[in-house]
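Undergrad: I need the structure of the sequence given here:
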Amino acid sequence: MTFEEPIEVDPEWFKTFFHGIALDLWRQAITGEQTRTQAEFLVRTLELAPPAKALDVPCGNGRLAVELSARGFRLTGVDIAGEFIEEANASAAARDLSIEWVHGDMRDLPGPGIFDGAFCWGNSFGYLDDDGNMDFLRSVGRALRPGGRFVIDTMVGETLFASFQAKRSFEIGDITMNVRNHYDPVRGRLDTEYSFIRDGMTDTRTGTQRVFTAREVCCQLRKAGLTVVALYGGIELDRFTIGSNQLIIVSQKPA
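TA: Numbering: from 1, shown residues only. The predicted structure follows:
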């Protein structure tokens, strides 16, 4: 691992990052089968049955919310990316599904106490500063009904450092994405420079994410009034350990 070559990132990078080619890459990266499998995992771990009301935050282009709505659940999706909210609305309309879409900040959620379950999928936790991340978890806690569960899928130190690479390259569909990573141990953040290349044109953007340990995220959930139920290393319900590809934490608001 190297700590060289720092990357300058606007602390509010997430307000301008998610548009255009970055979203095009995400659209091509996830298959319909992956969406269906992830939705099944969420139904199982949230312990929900239709017509339960669920919150998807941030919802991206609404792929999971749409899938769950088609299964009879009542969904609300919140995301800061206006382009994705528009796409989510169109996807729901095309399937004649009624979903509430909210274009807004993940810290400002509907409620209080109106959702039977909530989920934060796609490694979207940690974008904010420490106070902001805590505000988000507290907002989720307020939005849940007593007994409601919250599932969070995130990157933590145990998943990142076991296979850290300062530079990586991906080809997804017609887009090449070159990634340069810099971990700042003082701030506890992974700063990343993304270069998206398509048709000879390059679009470079930067982002940053707080790297917690699994224990730190569990402690934050408890501070937000949620009880940690289980930790998984993937949607196959495998045990979370050092080197797992992801951390999925299931928590619950006390009844």
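Undergrad: Distance from stretch 35-54 to the middle of the chain?
TA: 16 Å (CA atoms, centre = their mean, to the nearest Å).
Undergrad: Ends of it, what's the gap?
TA: Distance between the boundary residues of stretch 35-54 (CA to CA, to the nearest Å) amounts to 16 Å.
Undergrad: which of the residues in it are buried?
TA: Within stretch 35-54, the residues scored as buried using 16 or more other CB atoms under 10 Å are Q38, A39, F41, L42, V43, T45, L46, L48, A52, K53, A54. For every residue, glycine as well, the C-beta is placed using N, CA and C.
Undergrad: cool, and stretch 52-71?
TA: Applying 16+ other CB under 10 Å to stretch 52-71 flags 52-71 as buried.
Undergrad: now stretch 105-118
TA: Neighbour-count burial for stretch 105-118 [16+ other CB under 10 Å]: D105, M106, R107, L109, P110, G111, F115, D116, G117, A118.
Undergrad: Can you show me the helices along this structure?
TA: 14-17, 21-29, 32-46, 63-70, 82-94, 130-143, 157-160, 214-223 (DSSP state H).
Undergrad: Between the ones you listed, which one is closest to F150.
TA: helix 130-143 (5.5 Å; CB to CB).
Undergrad: how big is the angle separating that closest one from helix 214-223?
TA: Between helix 130-143 and helix 214-223, the angle comes out at 50 degrees (axes from the mean of the first three to the mean of the last three CA atoms, to 10 degrees).
Undergrad: pLDDT averaged over helix 130-143, what's the number?
TA: For helix 130-143, the mean pLDDT works out to 98.
Undergrad: just use 319 as the starting number from now, easier for me
TA: Done: numbering now begins at 319, and the last item shifts to helix 448-461.
Undergrad: roughly how far is it from the heart of the chain?
TA: In this view, helix 448-461 has its centroid 14 Å away from the chain centroid, taken as CA atoms, centre = their mean.
Undergrad: now do stretch 456-465
TA: Once both centres are worked out by CA atoms, centre = their mean, stretch 456-465 turns out to sit 17 Å from its chain's centre.
Undergrad: and if you look at stretch 481-490?
TA: 19 Å.
Undergrad: Can you get me the start-to-end distance on that stretch?
TA: 21 Å.
Undergrad: Equivalent analysis for stretch 458-477, please.
TA: End-to-end span of stretch 458-477 (CA to CA): 24 Å.
Undergrad: Please apply the same query to stretch 559-573.
TA: Start-to-end, stretch 559-573 (CA to CA) is 29 Å.
Undergrad: Can you give me the buried ones in that stretch?
TA: By 16+ other CB under 10 Å, the buried positions in stretch 559-573 come out as S562, Q564, L565, I566, I567, V568, S569, Q570, K571.
Undergrad: Repeat that for stretch 491-510.
TA: Residues of stretch 491-510 classed as buried: I493, M495, R498, N499, H500, Y501, G506, R507, L508, D509, T510 (neighbour count, 16+ other CB under 10 Å).
Undergrad: Please list all residues in contact with the residue of the chain most remote from its centre.
TA: Residue farthest from the centre of the chain, counting by CA atoms, centre = their mean, is G518 at 30.1 Å. G518 sits next to no residue when contact means CB atoms under 8 Å, 6 or more residues apart in numbering.
Undergrad: quick one, strands of the stretch 469-573 of the chain?
TA: 485-490, 493-502, 507-516, 519-528, 545-550, 565-570 (DSSP state E, counting those that start in this stretch).
Undergrad: That's all I had, so thanks and see you.
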